[in-house]
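1. Sequence first, predicted coordinates after that:
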Amino acid sequence: MITIPGSLQTVGDTEYFLAQERLTRRPGERYLGVRGPDRDFTDLHNSTEGVRYYALSEANAAGMRQRLGWLNPASLGAGLSFGFGDRLGLATPGHIQALRSVLGRQESAFKPVFAQQSVRENARTERTPQQVLDDAMWGAFQEGWGQPWGADADHLKEVSSFSAFVRAGYSFFTVDPGDYVDAGADIESLSQLKVKAAALPWDILHSNPDENRAAYVGQSLNLDGMPLEVDEAAYLRAAAKYGQAIAHVAKMYWALLECKPDGFDFEVSVDETETPTSILEHFYIASELKRLGVRWTSLAPRFPGRFEKGVDFIGDLVQLEREIAWHAAVVRFFGNYKLSLHSGSDKFSVYPLLARHAERNVHIKTAGTSYLEALRVIAGLDPALFRQILELARQRYPIDRQSYHVSADEGQIPLAADLADEALSGLLEDFHAREALHVTYGSALAQFKPLIIKILEAHPQRYMETLRSHFERHLAPFIKQAGA
Ligand SMILES: [Zn+2]
């Protein structure tokens with residue numbers, strides 16, 4: 001067994017640390033090492049030279065959380081934060097190294113969310129909310145993180161999804177009312193909009209059509225020097241498009257308050273809807289939620305342009321910057337939440353814009369990009385396995401892409417057979433191969449997960465280094481801006 005440096009923690013007379021097995025069927029597999037009088041763990045693996053080694057089981061994870069308070073996810077509140085989704089459960093140490101490398105001693109300048117998975121991702125990776133949280137926790141323990149970190153139950157659509165995440169100890173809840181957003185309102189006539197606005201669930205919204213209309217129509221808002229006039233049509237469009245969604249968010253918030261009274265971060269995300277969220281619509285959502293007593297930490301509008309998975313922004317950057325400046329002004333008007341960027345992986349041209357206009361009122365979510373970096377490691381260490389994963393991606397892409405916003409064309413993915421082993425990792429820079437590999441993770445893991453995990457466990461340093469340099473590029477633009 002090799003003790004992992006940096007993992008050692010002492011509580012009372014007992015030392016706790018992570019260790020790696022050298023000579024087993026799974027080289028690099030990690031265990032919890034315990035030296036001292038504390039014997040209250042289960043799943044003993046072996047015991048040698050006064051140290052007992054235990055499996056990283058659910059019970060032992062819960063035991064460590066009782067002993068070290070910082071291993072429990074915490075609500076992070078205001079200020080720059082970053083979500084590191086991890087579909088394999090081995091990426092947190094690399095994420096922490098990237099944070100440390102960019103932040104130096106100012107580790108707290110960026111608040112991390114180490115566990116972040118949606119119900120959809122959990123279904124595709126066949127992991128439970130508890131497993132996702134425990135994996136991130138062991139990663140934080142391994143690195144001796146010692147500071148607050150969050151766990152995000154992402155894209156929850158119904159109240160019934162809460163309980164498994166609340167039970168597991170999640171601290172951040174992202175509610176997605178996208179199914180209740182009425183994109184048709186964007187193009188409907190005034191009379192159609194009036195009918196829709198009248199039919200909103202006003203009992204849940206604690207208002208009525210006349211009162212609500214009077215609160216907005218005719219207002220001249222001053223958003224940090226940017227004037228915004230609210231006319232009848234714009235108001236009705238906002239109400240018809242988002243009214244049902246606002247009611248749904250309020251219902252979910254009230255339900256969550258009941259099952260988790262001890263505080264949490266709450267995000268409202270409408271990013272996965274058909275049409276962009278206008279500035280007035282953002283204002284309307286925020287104003288209505290505030291009136292209803294909802295307290296949210298971040299809000300993810302649907303920005304204009306295309307935010308596809310694992311690739312940079314596609315669209316008009318000048319227009320996007322103008323919109324981000326306005327959205328940031330709405331945030332400052334209400335003054336107490338962050339703009340959240342979903343599908344935030346690899347959006348290198350967007351980070352400087354967010355940093356410039358929203359400064360520290362930003363939350364970024366990434367997920368699949370850590371999986372892609374794992375594939376980069378596989379391409380270097382096991383070209384034959386990578387070729388199989390790529391071939392599977394080519395076959396599965398037309399089916400697996402359906403629930404994602406992606407535009408890659410499987411016909412344009414280079415043929416692995418034409419490439420030398422050394423050239424394979426270059427496919428992670430190819431737009432078509434990258435998106436196809438990104439959205440087919442569920443299919444790839446169903447077939448190859450044990451092989452992928454085995455390689456990453458056996459070469460932890462290489463995976464960490466790869467993640468570190470990748471995430472430095474995600475984090476640095478925000479730190480430069482803050483002058484930290
Ligand atoms: Zn999203």
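-> Sure thing, it's come through. Numbers count the residues shown, from 1 in each chain.
2. Show me which residues of the stretch 251-400 of the chain sit near the ion.
-> Counting by C-beta under 5 Å from the ion, the stretch 251-400 of the chain comes close to the ion at D271, H342. C-beta: built from backbone N, CA, C; applies to glycine.
3. Let me see the ranges of the strands in the stretch 251-400 of the chain.
-> Ranges of strands within the stretch 251-400 of the chain are 265-269, 298-300, 338-341, 362-366, based on DSSP state E, counting those that start in this stretch.
4. Kindly report the same for the stretch 101-250 of the chain.
-> 111-118, 150-156, 172-175, 220-223, 226-229.
5. looking at those strands, which is closest to the ion?
-> Minimum separation from the ion across those (C-beta to the ion) falls at strand 150-156, 5.8 Å.
6. In stretch 435-453, which residues are buried?
-> Buried residues in stretch 435-453, counted by 16 or more other C-beta atoms under 10 Å: 435-445, 448, 452-453.
7. mind saving the C-alpha coords of that stretch as PDB?
-> Output in PDB follows, covering the C-alpha atoms of stretch 435-453 (Å, rounded to 0.1, in the frame of the first residue of the first chain):
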ATOM      1  CA  GLU A 435     -19.100  16.100 -29.800                       C
ATOM      2  CA  ALA A 436     -19.800  12.500 -30.700                       C
ATOM      3  CA  LEU A 437     -17.500  11.200 -28.000                       C
ATOM      4  CA  HIS A 438     -19.200  13.700 -25.500                       C
ATOM      5  CA  VAL A 439     -22.800  12.700 -26.000                       C
ATOM      6  CA  THR A 440     -22.200   8.900 -26.300                       C
ATOM      7  CA  TYR A 441     -20.700   8.600 -22.800                       C
ATOM      8  CA  GLY A 442     -23.600   6.500 -21.600                       C
ATOM      9  CA  SER A 443     -23.200   4.000 -24.300                       C
ATOM     10  CA  ALA A 444     -19.400   3.900 -23.900                       C
ATOM     11  CA  LEU A 445     -19.600   3.500 -20.100                       C
ATOM     12  CA  ALA A 446     -22.200   0.700 -20.500                       C
ATOM     13  CA  GLN A 447     -19.600  -1.200 -22.500                       C
ATOM     14  CA  PHE A 448     -16.200  -0.100 -21.400                       C
ATOM     15  CA  LYS A 449     -16.400   1.500 -17.900                       C
ATOM     16  CA  PRO A 450     -14.400  -1.100 -16.000                       C
ATOM     17  CA  LEU A 451     -11.600  -0.900 -18.600                       C
ATOM     18  CA  ILE A 452     -11.600   2.900 -18.500                       C
ATOM     19  CA  ILE A 453     -11.600   3.100 -14.700                       C
END
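8. If you drop the residues flanking it in sequence, what lies closest to G305?
-> With C-beta to C-beta, 6 or more residues apart in numbering as the criterion, G305 has its nearest non-adjacent residue at 2.5 Å, and that residue is G315.
9. what sits against that neighbour?
-> P304, G305, R306 (C-beta atoms under 8 Å, 6 or more residues apart in numbering).
10. Likewise for L292?
-> L205, H206, I246, A250.
11. between the residues you listed, which is closest to F334?
-> Checking the contacts of L292 against F334 by C-beta to C-beta gives I246 as the nearest, at 14.4 Å.
12. which one is that closest one nearest to, not counting chain neighbours?
-> Once flanking residues are discounted, I246 sits nearest to E288: 4.8 Å by C-beta to C-beta, 6+ apart.
13. JSON lines for the strands of the stretch 101-250 of the chain, including mean neighbour count and mean pLDDT?
-> As requested, the strands of the stretch 101-250 of the chain are exported to JSON lines (neighbours: other C-beta atoms under 10 Å; pLDDT from 0 to 100):
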{"stretch": "strand 111-118", "mean neighbour count": "27", "mean pLDDT": "96"}
{"stretch": "strand 150-156", "mean neighbour count": "26", "mean pLDDT": "97"}
{"stretch": "strand 172-175", "mean neighbour count": "27", "mean pLDDT": "98"}
{"stretch": "strand 220-223", "mean neighbour count": "13", "mean pLDDT": "91"}
{"stretch": "strand 226-229", "mean neighbour count": "12", "mean pLDDT": "90"}
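14. now those strands in TSV, with distance to the ion?
-> Shown next, in TSV, are the strands of the stretch 101-250 of the chain (distance: least, C-beta to the ion, whole Å):
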stretch	distance to the ion
strand 111-118	8
strand 150-156	6
strand 172-175	8
strand 220-223	25
strand 226-229	26
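15. Tell me, how many residues neighbour the residue nearest to L80 when sequence neighbours are not counted?
-> Counting by C-beta to C-beta, 6+ apart, R360 is the residue found nearest to L80 once chain neighbours are left out, at 4.6 Å. Using other C-beta atoms under 10 Å, R360 has 15 other residues around it.
16. Next one: the residue in the chain that the ion sits nearest to from Q395, what distance?
-> The nearest approach of the chain to the ion comes at H342, 3.0 Å away (C-beta to the ion). Distance of H342 to Q395, computed by C-beta to C-beta, to the nearest Å: 28 Å.
17. One more: A245?
-> Taken as C-beta to C-beta, the span from A245 to Q395 is 37 Å.
18. neighbour count winner among those two?
-> Using other C-beta under 10 Å as the criterion, A245 and Q395 rank with A245 on top: 22 against 13.
19. Let me see the contact set for the more buried one.
-> Counted by C-beta under 8 Å, 6+ apart, A245 has contacts P177, G178, Y180, V181, V270, I285.
20. Report the beta-bridge partner residues of the residue lying closest to R22 once chain neighbours are set aside.
-> Nearest non-adjacent residue to R22, counting by C-beta to C-beta, 6+ apart: I2, 6.2 Å away. Assessed by DSSP bridges, I2 has beta-bridge partners Q20.
21. Remind me which helix or strand T42 belongs to.
-> Per DSSP states H and E: T42 is located in neither a helix nor a strand.
22. okay, now it: neighbour count?
-> T42 has 11 neighbours, counted by other C-beta under 10 Å.
23. Kindly report the same for E359.
-> Using other C-beta under 10 Å, E359 has 15 other residues around it.
24. What score does it have for pLDDT?
-> If you check E359, the pLDDT there is 92.
25. and if you look at the one 3 residues further on?
-> pLDDT, the model's per-residue confidence, is 97 for V362.
26. same question, D13
-> So D13 comes in at 97 (pLDDT).
27. Could you measure from the closest residue to V159 other than its chain neighbours over to S163?
-> Using C-beta to C-beta, 6+ apart and skipping the chain neighbours, the partner closest in space to V159 is A255 (4.4 Å). Separation of A255 from S163 (C-beta to C-beta): 10 Å.
28. quick one, which of the two is more surrounded?
-> More neighbours surround A255 than the other of A255 and S163, with 16 against 13 (other C-beta under 10 Å).
29. is it true that that one touches S161?
-> No - if you go by C-beta atoms under 8 Å, A255 and S161 don't touch, sitting 10.4 Å apart.
30. ok, now which ones touch L456?
-> Contacts of L456 were listed using C-beta under 8 Å, 6+ apart, and they are G28, L88, L90, A374, V377, Y463.
31. How many residues are close by the second one?
-> Here the count is done by other C-beta under 10 Å, and L88 has 18 residues near it.
32. Tell me who's in contact with it.
-> For L88, the contacting residues are S370, Y371, A374, L445, K449, I452, I453, L456, by C-beta under 8 Å, 6+ apart.
33. Kind regards, and thank you for your time.
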